[in-house]
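1. Give the three-dimensional model of this entry:
(chains A and B)
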Amino acid sequence: MIWKITSLIFHRPKQVLSSISNPFSRQRILLSTFPANSPDLKTLCSNRQLKEALLEMGIQGLEVEFQGYDSVLTECISQTAIREGQRVHAHMIKTCYEPPVYLRTRLIVLYNKCRCLGDARRVLDEMPERNVVSWTAMISGYSQRGYASEALHLFVEMLMSGTAPNEFTFATVLTSCTSSSGFQLGRQIHSLVIKTSFESHIFVGSSLLDMYAKAGKICEARRVFDGLPERDVVSCTAIISGYAQLGLDEEALDLFRRLQREGMRSNYVTYASVLTALSGLAALDHGRQVHSHVLRAKLPFYVVLQNSLIDMYSKCGSLTYSRRIFDSMPERTVISWNAMLVGYSKHGLGREAVELFKLMKEENKVKPDSVTFLAVLSGCSHGGMEDRGLEIFYEMVNQKDGFEPEIEHYGCVVDLFGRAGRVEEAFEFIKKMPFEPTAAIWGSLLGACRVHQNVHIGEFVARRLLEIESENAGNYVILSNLYASAGRWDDVRTVRELMKEKAVIKEPGRSWIELDQTLHTFHASDRSHPRKEEVFAKVRELSIKIKEAGYVPELSCVLYDVDDEQKEKILQGHSEKLALAFGLICTPGGTPVRIIKNLRICVDCHNFAKFLSRVYGREVSLRDKNRFHHIVGGTCSCGDYW
DNA sequence: GTAGGGTTAG
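-> Prediction:
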C-alpha cells in the first residue's frame, strides 16, 4: 500500500496531491509515506514535478506547515495566549507525524511563560530527541519561577545525557544556585564555566558574580566582575547591588560613583539598588540627588523604583516624601504598602500604620503578607497602640485575613505586652506559643523586664538567653542594667565576669552624620577623625552643661571593671555622642541634627540626647538599628522603650 | 528557539 502511494505521488504528484483538498491530510499522507528527514523524502523533494505541484498549491513541502505552527506559536508566546497555544498543540499532535525539536521547544517556552510548568515538562519528556535549546528552555522555566532544585536537577540530567551546556544554559542555571544548598553545585558549575571559556561572557559572568554576591562571597564576585572584558548596565548593577544587599553600603555607593565616572549607563534597576545603599546610610542628600536624577531622566513608571524611593525617604527620616511618592503611584505592589507601613512603624507612628493597613484592606487590590503584618504589629508596639495590635494579631489567629501568624508575629506580641508593662502576660504568652521561643523573643522580654524593672522574670529569662545565646554581648548588658537599676551590684559584677568569659562583640558600634553630602563616621573613642580634639572637647562641654539640668551618666552601661571616672570617660567616647557633638559644631543653632547608629542606642546616649535637645533647643533625629528616635524638648518619640 | 541585575521584613 505504502509503496503504491509513494510511487503515485512520485510519478503523478499533481494529480494525487490536488485530489486531496485538506492541507493537513496532504501533509499526513506525505509524512506517513516518508517520515521527516528520511532519505526518501529528500528524494521526493528533489523531484522537480513534485516541487512544482507543491508550489502551485502554495505549499513548499513540510516546512510550510511547520512554519505555520511556528508563527502561530510565536504569537501565542508574545501574547501569553495559553488557550490558543493549547489548541495549536493539539492540532499539531493530530496532524504532524513528528514535529521537529524547535517546534516542541516553542511549546516548552509557551507553557513556561503561562506558568504551566507541568505541561512544559511533559513536552520535554515526550521529545524523542532534545537539544541544548530545549533543555535550556525548561531549566529557564524552573529558574524563573523559583524552582531552583528542579532547575538544578534538570541541569545535571542534561549533563548526564551528554548534551553540552552553552552560554544560555550557564547564565540561566547559575541564577538557581543562590540557596545555600545550590551554592556547592554553583562552585562546580563555575569550574565547568571556566572549562568552556564562558567566564568572561557578559551574561554568564553577571550571573556568576551575582551568585557569589548572594552567597556573601563579595570578593569572589568582584573578581569575576573585574575579569569581564566588557561591562554593561546589568553586570554593573549586579555588583553594586551585591554590595548593597550585604549591607556594604559605602562600598556600593563608591563603586556606583566610580562606574558612573567611567561612563556606566544606569537604568531603573541600578537606581533601585543604589537607593538601597543610600537607605542604609540614611544619606538623604545623596538620595535626593538620585531622585532628581531619576525625575530628569523621565523614566517610565517602575513600581520597583518607586518602592525603593519610598524606603529611602523613610529611612532618611522624611516620611512626608515617602507618602507623597506612595500617593502618586498609579499602581502598587504589596512591597509598596509594606515599605510605607515599615516607615510608619520605624518612626513610631502606630496610628498612621493602622490607618494605612485599613486602607489597604478596603482597597482590596493587594493581599497583605507576612511583612505587612510584621510592620503593622511592630508599628502598634512602637506607637503605643498595644490593644489595637493585639486585636490585629487575634484576627490573624482567627484567619480573618487568610494569613496564619508565624513565629515573628508571635515575637511582635511579646513586644506589645512588654511595652505596655504587661511583663507577666508576655511571659505566659511565650509559654503557650505553638513555637519554641527564639533568642530574639527572649531578648525582647528581657528588654521589657529592664524597662519595667521586673528582676524576677528578668533573671529567669536571662538565664535561658545566656544558655542559647551566650556569645551575644547585648544580653549581658541588659541583664547588668537590670541588676544595676535594682542596686544589686554584686550581681552586676558576676555578669561582667561571665561576659568577659563568653561574650563576643560581633559588630563594633559606629555612628555617622551626613553634612553637605559627606558622611562623617565615628567609632567608639574615635581618635582617627581629623577634628577629634574639637569633638571630644565638645562632648565634655555638653556633658557639663546638661549635668546642670539634671543629667546623670548611666555608669551601668559600662561593663568594664574600671572606676567611675573611667566609666564616664568611656561613656563620653560612645560613637553617637561624638557624631552628635560634631553635628552641633558644624551646624548653626536651631538646626535639627540627624544621627545614624548601626546598633541599638544605649541608655546613656539616649538620656544624653534628651537633655541636649532641651538645654540646647536642638531637635535630634536618631536612627538606630531598630527604629527612629525623634527627640524634641527633652522627650523622645519612642517613649523610652526601644 | 534558549540567557544575566531590582524594591519591604529578618
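2. show me what contacts the spatially most central residue of chain A?
-> Note on chain A: the residue nearest the mean C-alpha position is residue A:245, at 7.3 Å, using CA atoms, centre = their mean. Residue A:245 makes contacts with A:213, A:214, A:276, as judged by CB atoms under 8 Å, 6 or more residues apart in numbering. C-betas here are computed from N, CA, C, even on glycine.
3. again, 10 Å this time
-> By CB atoms under 10 Å, 6 or more residues apart in numbering, the residues touching residue A:245 are A:210, A:213, A:214, A:216, A:218, A:252, A:273, A:276, A:277.
4. swap in residue A:230?
-> With contact set as CB under 10 Å, 6+ apart, residue A:230 has these partners: A:200, A:202, A:205.
5. of those, buried ones?
-> Neighbour counting by 16 or more other CB atoms under 10 Å classes A:202, A:205 among these as buried.
6. In helices, which of the contacts of residue A:230 appear?
-> A:202, A:205 (DSSP state H).
7. Please list which of the contacts of residue A:230 also come close to DNA strand B.
-> Contacts with DNA strand B within the contacts of residue A:230, counted by CB under 7 Å from any atom of the strand: A:202, A:205.
8. nearest to DNA strand B, of the contacts of residue A:230?
-> residue A:202 (4.1 Å; CB to the nearest atom of the strand).
9. quick one: contacts for that closest one?
-> Counting by CB under 10 Å, 6+ apart, residue A:202 touches A:167, A:171, A:228, A:229, A:230, A:231, A:232, A:234, A:235.
10. Kindly recompute the last result at 8 Å.
-> By CB under 8 Å, 6+ apart, the neighbours of residue A:202 are A:228, A:230, A:231, A:232, A:234, A:235.
11. One more: residue A:581?
-> Residue A:581 neighbours (CB under 8 Å, 6+ apart): A:535, A:538, A:539, A:542.
12. Among the contacts of residue A:202, which ones lie close to DNA strand B?
-> Counting by CB under 7 Å from any atom of the strand, the members of the contacts of residue A:202 near DNA strand B are A:232, A:234, A:235.
13. Most neighbours among those residues, please name it.
-> residue A:235 (22 neighbours; other CB atoms under 10 Å).
14. My guess is it contacts residue A:205. True?
-> Yes: counting by CB atoms under 8 Å, residue A:235 touches residue A:205, with 6.4 Å between them.
15. okay if I get the contacts of residue A:581 as a markdown table plus distance to DNA strand B and secondary structure?
-> Putting the contacts of residue A:581 into a markdown table (distance: CB to the nearest atom of the strand, whole Å; DSSP: H, G, I helix; E, B strand; the rest coil) gives the following:
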| residue | distance to DNA strand B | secondary structure |
| --- | --- | --- |
| A:535 | 30 | helix |
| A:538 | 32 | helix |
| A:539 | 30 | helix |
| A:542 | 31 | helix |
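16. Just the buried residues out of these, in PyMOL syntax.
-> Buried residues within the contacts of residue A:581, by 16+ other CB under 10 Å, are selected in PyMOL with:
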select buried, chain A and resi 535+538+539+542
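17. Got the confidence number for whatever residue of the stretch 351-500 of chain A ends up closest to DNA strand B?
-> In the stretch 351-500 of chain A, the residue found nearest to DNA strand B is residue A:371; the distance is 3.6 Å by CB to the nearest atom of the strand. pLDDT for residue A:371: 97.
18. Pull up the gap between it and residue A:403, please.
-> Separation of residue A:371 from residue A:403 (CB to CB, to the nearest Å) stands at 11 Å.
19. Mind checking which of the contacts of residue A:245 are in helices?
-> Per DSSP H, the contacts of residue A:245 map to helices at A:210, A:213, A:214, A:218, A:252, A:273, A:276, A:277.
20. Of those residues, which are in range of DNA strand B?
-> Counting by CB under 7 Å from any atom of the strand, the members of these near DNA strand B are A:210, A:214, A:273, A:276.
21. ok, now which ones touch the first one?
-> It stands for residue A:210. Counted by CB under 8 Å, 6+ apart, residue A:210 has contacts A:174, A:175, A:178, A:221, A:238, A:242.
22. let's see it at 7 Å
-> A:238, A:242 (CB atoms under 7 Å, 6 or more residues apart in numbering).
23. got it, and the second one?
-> Taking CB under 7 Å, 6+ apart as the criterion, residue A:214 is in contact with residue A:178.
24. What residues does the stretch 301-450 of chain A have near DNA strand B?
-> Residues of the stretch 301-450 of chain A lying near DNA strand B by CB under 7 Å from any atom of the strand: A:302-305, A:307-308, A:311, A:315, A:333-336, A:338-339, A:342, A:369-371, A:374-375, A:378, A:408, A:440.
25. Where strands are concerned, which of the contacts of residue A:202 count?
-> Among those, DSSP state E puts none in strands.
26. In a markdown table, list the ones next to DNA strand B among the contacts of residue A:202 along with pLDDT.
-> Below are those laid out as a markdown table (pLDDT from 0 to 100):
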| residue | pLDDT |
| --- | --- |
| A:232 | 96 |
| A:234 | 98 |
| A:235 | 98 |
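27. tell me which of the contacts of residue A:202 is nearest to residue A:188?
-> Minimum distance to residue A:188 across the contacts of residue A:202 is 21.4 Å, recorded for residue A:228 (CB to CB).
28. Can you read off the backbone torsions of the closest one?
-> phi -70, psi 130 (degrees, to the nearest 10).
29. and what of residue A:515?
-> Per degrees, to the nearest 10, the backbone of residue A:515 is at phi -130, psi 120.
30. right, and it touches residue A:586 too?
-> Yes: in this structure residue A:515 lies within contact range of residue A:586 using CB atoms under 7 Å: 5.4 Å.
31. which helix in chain A runs the most residues?
-> Chain A, longest helix under DSSP H: helix A:62-79.
32. helices or strands up against it?
-> helix A:23-33, helix A:82-95, helix A:101-113 (3 or more CB pairs under 7 Å, 6 or more residues apart in numbering; DSSP states H and E).
33. Could you dump these into TSV and include mean neighbour count?
-> Listed next are the helices and strands packed on helix A:62-79 as TSV, based on neighbours: other CB atoms under 10 Å:
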stretch	mean neighbour count
helix A:23-33	17
helix A:82-95	15
helix A:101-113	22
